[in-house]
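Asker: Sharing a sequence plus its predicted fold:
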Number of protein chains: 2
Amino acid sequence: MAEKKYCIKTETLAGFAKALGHPARIAIMKFLAKQDTCYFGDIHEELPIAKATVSQHLAALKDAGLIQGEIETPKVKYCINRENWQYAQQLFSEFFNMELCEKSGECCK
Amino acid sequence: MAEKKYCIKTETLAGFAKALGHPARIAIMKFLAKQDTCYFGDIHEELPIAKATVSQHLAALKDAGLIQGEIETPKVKYCINRENWQYAQQLFSEFFNMELCEKSGECCK
DNA sequence: TCTATTATTCGCAAAATTACGAACAAAAGT
DNA sequence: ACTTTTGTTCGTAATTTTGCGAATAATAGA
């Protein structure tokens, strides 16, 4: 499907960024980071959107690899995928810490 | 338009992430970071997409505040908006460095 | 087995994104 | 004035995203 027009690191970083490109998904990640319990219902309560929509956002984050889920019937528990979280952190860090060319960033007013 | 359902920092971070959520836009930012000259034509040459599409991506990055443009007829020069770039860096840094709850990230296999 | 709880999937609609070629605008040079 | 160069805007199409309610699945408990 993805025809890889760009280098793999660029594609991967863009993928993480895309997954984080919605306030509900940022809110979910922040919530998961600080909670002991991370049941679907608790996440849903935090957000001003329908549960079907929450489920969709969780699926998006899961597809991106940023979270993972576990069934604990009748509930579902979600948490951050630490390995990929760390990788995303590294890619963003590299991206934002690349040294800017002297002239770049000064050429425009 | 934006009805602010989430806290401002969350919205802002999501906005930056969304702007970076496409490989062409990541590629543009990387290119701008390392180039002395940052004319539209040079950016277009780097990318495997039509100029109209490049223009759209540049507009998206501009709307997000990550870059700025300057006319130098007949060319147009683009560069990173350092102030907002730094703010984005800070927001991402805070986000990725928020301490994860002990249990969070360990509750799911 | 029936019921209650929980979360996903389905079906749908509206809106936004991505992409392109063609048309257009602006200014410099002839 | 005309032409060339450069990049944006327009018009359009295909796809994806976002969102919701209703239907569904899965399991525990009565």
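Answerer: Perfect, thanks for sending it.
Asker: helix, strand or coil for the closest residue to residue A:4 other than its chain neighbours?
Answerer: Leaving out its chain neighbours, the residue that sits closest to residue A:4 by Cβ to Cβ, 6 or more residues apart in numbering or on different chains is residue A:11, at 6.6 Å. C-beta here means a position set from N, CA and C on the backbone, and glycine is covered the same way. With DSSP: H, G, I helix; E, B strand; the rest coil as the basis, the three-state label of residue A:11 is helix.
Asker: Residue A:11 reaches residue A:18, doesn't it?
Answerer: No - with contacts counted by Cβ atoms under 8 Å, residue A:11 stays clear of residue A:18, the gap being 10.3 Å.
Asker: Can you give me the pLDDT of the residue nearest to residue A:4?
Answerer: Per-residue confidence (pLDDT) for residue A:11: 98.
Asker: Residue A:18 now?
Answerer: pLDDT, residue A:18: 98.
Asker: Tell me which residues touch it, please.
Answerer: A:64, B:17-18, B:21-22 (Cβ atoms under 8 Å, 6 or more residues apart in numbering or on different chains).
Asker: Could you find the closest non-adjacent residue to residue A:72?
Answerer: Per Cβ to Cβ, 6+ apart, closest to residue A:72 is residue A:39, 7.9 Å.
Asker: Could you list which residues are in contact with that neighbour?
Answerer: Contacts for residue A:39 (Cβ under 8 Å, 6+ apart) come out as A:72, A:75-78.
Asker: again, but for residue A:76
Answerer: A:39-40, A:69-70.
Asker: pLDDT value on it, please?
Answerer: pLDDT recorded at residue A:76 is 95.
Asker: secondary structure class for it?
Answerer: Going by three-state DSSP: residue A:76 is strand.
Asker: tell me, which of the contacts of residue A:18 make contact with DNA strand C?
Answerer: B:18, B:21-22 (Cβ under 7 Å from any atom of the strand).
Asker: Can you report how many residues lie near residue A:98?
Answerer: For residue A:98, the neighbour count with other Cβ atoms under 10 Å in any protein chain shown is 12.
Asker: Ok, residue A:48 next?
Answerer: Neighbours around residue A:48, by other Cβ under 10 Å: 10.
Asker: Name the nearest residue to it, sequence neighbours excluded.
Answerer: Spatially, and ignoring its direct neighbours in sequence, residue A:48 is nearest to residue B:5 (4.8 Å; Cβ to Cβ, 6+ apart).
Asker: and the gap between the one you found and residue A:53?
Answerer: Distance of residue B:5 to residue A:53, computed by Cβ to Cβ, to the nearest Å: 12 Å.
Asker: is any part of the longest helix along chain A close to chain B?
Answerer: In chain A, taking DSSP state H as the definition, the longest helix is helix A:82-97. Yes - on the criterion Cβ under 8 Å from any Cβ of the partner chain, helix A:82-97 is in touch with chain B at A:82, A:85, A:88-89, A:92-93, A:95-97.
Asker: List the residues that contact the residue nearest to residue A:48.
Answerer: Counting by Cβ under 8 Å, 6+ apart, residue B:5 has contacts A:23, A:48-49.
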